[in-house]
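Q: What shape does this take:
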Amino acid sequence: MPFDFSGKRALVTGAGRGIGRDLAKALAAAGASVYALSATKKNLDSLKEEIPSIHVIHVDLNDWKATRTVAETVGHIDFLVNNAAYSPEWCPFVDTTRENIQGVLDVNVMAAVNLSQVFGKKMIEKGKGGAIVNVSSINGVRAMPGCVGYNLSKAALDMLTKQMALELGPYNIRTNSVNPTVVMTDMGREHWGKPEKSEGLLIQIPMGRFAEVREVVETIMFLLSDHASMVNGVVLPVEGGQLCNIPVPFYKAYKE
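A: Next up, the predicted model:
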């Protein structure tokens with residue numbers, strides 16, 4: 001599906017690597033003026049070197065005031081993609097600390113609230129609508145052991161998506177989320193590329209594989225585009241049917 005975003009302005013968080021980086025490049029290739037935000041300067045420098053037309057923003061989303069101050073200087077944008085995310089070391093629920101959970105919520109939820117407020121207001125004032133995509137996870141709709149903070153944050157992000165769709169929809173501002181399974185970014189391949197780690201998850205996915213970055217990027221591009229002009233408030237799984245399947249222990253017992 002071809003995308004033409006000529007004349008559009010887009011901001012992508014977590015754009016230094018992974019999904020965010022590839023999305024920023026795809027948006028630029030489709031003609032958009034792209035603002036790439038990351039807390040890691042070296043990643044932004046390499047992105048700028050690769051695609052000189054991209055505007056880079058170096059800011060830590062944990063800093064509410066600094067993020068808001070920088071966002072106010074950007075001006076109007078048509079597309080906002082809240083992609084930045086943090087996932088701490090896995091820990092059993094009963095041992096998970098308040099700091100662990102709060103740290104995840106600050107980046108995965110509150111940063112999205114912060115930027116969506118700033119740019120949502122700008123979209124309303126401009127009066128030409130817009131589109132926002134929150135990058136969530138299937139962990140927001142299905143529990144997984146050891147990552148209560150991450151799961152809570154993605155469930156909250158999904159509800160934020162629906163709340164924003166409800167309140168911004170009357171201004172022709174659409175808000176949706178994408179909810180991938182494991183995505184084969186460099187980090188994804190490093191962590192899930194080993195069969196002893198991936199087998200338990202892959203057995204749940206009817207398509208028998210994890211998602212490629214391109215498949216998530218193109219889904220986001222669709223949701224931003226006019227092809228999705230009546231799509232609002234959707235929590236869209238990108239997971240090869242994983243949510244249709246039964247938990248691994250039950251599956252193994254059934255097979256035996």
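
Q: as a whole number, average confidence for stretch 116-128?
A: Mean pLDDT, computed over stretch 116-128, is 97.

Q: same question, stretch 46-66
A: Here the mean pLDDT over stretch 46-66 is 97, rounded to a whole number.

Q: gap between the two ends of it?
A: 23 Å (Cα to Cα, to the nearest Å).

Q: I'd like the distance between the closest residue to residue 185 other than its chain neighbours and residue 25.
A: Taking Cβ to Cβ, 6 or more residues apart in numbering as the measure, residue 185 lies nearest to residue 18, with 3.9 Å between them; neighbours along the chain are not counted. For the C-beta atoms, the positions are set from N, CA and C on the backbone; glycine is no exception. For residue 18, the distance to residue 25 under the criterion Cβ to Cβ, to the nearest Å works out to 12 Å.

Q: Equivalent analysis for residue 174, please.
A: Distance of residue 174 to residue 25, computed by Cβ to Cβ: 23 Å.

Q: Neighbour count: those two, which is higher?
A: residue 174 (23 against 19; other Cβ atoms under 10 Å).

Q: what sits opposite that one in the beta ladder?
A: Per DSSP bridges, residues listed as beta-bridge partners of residue 174: residue 131.

Q: buried set for stretch 39-55?
A: By neighbour count with 16 or more other Cβ atoms under 10 Å, stretch 39-55 contains the buried residues 39, 43-44, 47, 51, 54-55.

Q: In strands, which of those fall?
A: The subset of the buried residues of stretch 39-55 located in strands under the criterion DSSP state E comprises residue 55.

Q: which pair in the buried residues of stretch 39-55 spans the largest distance?
A: Distance extremes for the buried residues of stretch 39-55: the farthest pair is 39 and 51 at 19.2 Å, using Cβ to Cβ.

Q: quick one: low-confidence parts of the stretch 1-150 of the chain?
A: 1 (pLDDT under 70).

Q: ok, which stretches of the stretch 151-256 of the chain are strands?
A: Remark: strands of the stretch 151-256 of the chain, listed N- to C-terminal, are 173-180, 235-238; assignment by DSSP state E, counting those that start in this stretch.

Q: I'd like the distance from residue 52 to residue 35, if you could.
A: As for residue 52, its distance to residue 35 is 14 Å (criterion: Cβ to Cβ).

Q: likewise residue 168?
A: Separation of residue 168 from residue 35 (Cβ to Cβ) stands at 20 Å.

Q: and what of residue 205?
A: Applying Cβ to Cβ, the value for residue 205 to residue 35 is 34 Å.

Q: quick one: which of the two has more around it?
A: Summary of the neighbour comparison: residue 205 and residue 35, criterion other Cβ under 10 Å, with residue 35 having more neighbours (24 against 20).

Q: Excluding covalently adjacent residues, which one is nearest to the more buried one?
A: Nearest residue to residue 35, sequence neighbours excluded (Cβ to Cβ, 6+ apart): residue 11, at 4.2 Å.

Q: go on, residue 105?
A: With Cβ to Cβ, 6+ apart as the measure, residue 153 is the residue that lies nearest to residue 105, at 5.3 Å, once sequence neighbours are left out.

Q: OK, contacts around the one you found?
A: Going by Cβ atoms under 8 Å, 6 or more residues apart in numbering, residue 153 touches 85, 104-105, 107-109, 140.

Q: And for residue 154?
A: By Cβ under 8 Å, 6+ apart, the residues touching residue 154 are 108, 136-137, 139-140, 179.

Q: Need these in a markdown table (columns: neighbour count).
A: Formatted as a markdown table, the contacts of residue 154 follow (neighbours: other Cβ atoms under 10 Å):
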| residue | neighbour count |
| --- | --- |
| 108 | 27 |
| 136 | 28 |
| 137 | 29 |
| 139 | 19 |
| 140 | 24 |
| 179 | 26 |
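
Q: which pair in those spans the largest distance?
A: Farthest pair in the contacts of residue 154 (Cβ to Cβ) is 108 and 179. Separation: 12.9 Å.

Q: Which strand residues bridge the residue nearest the centre of the chain?
A: Within the chain, the residue whose C-alpha comes closest to the C-alpha centroid is residue 135; the distance, by Cα atoms, centre = their mean, is 1.9 Å. With DSSP bridges as the criterion, residue 135 is bridged to residue 178.
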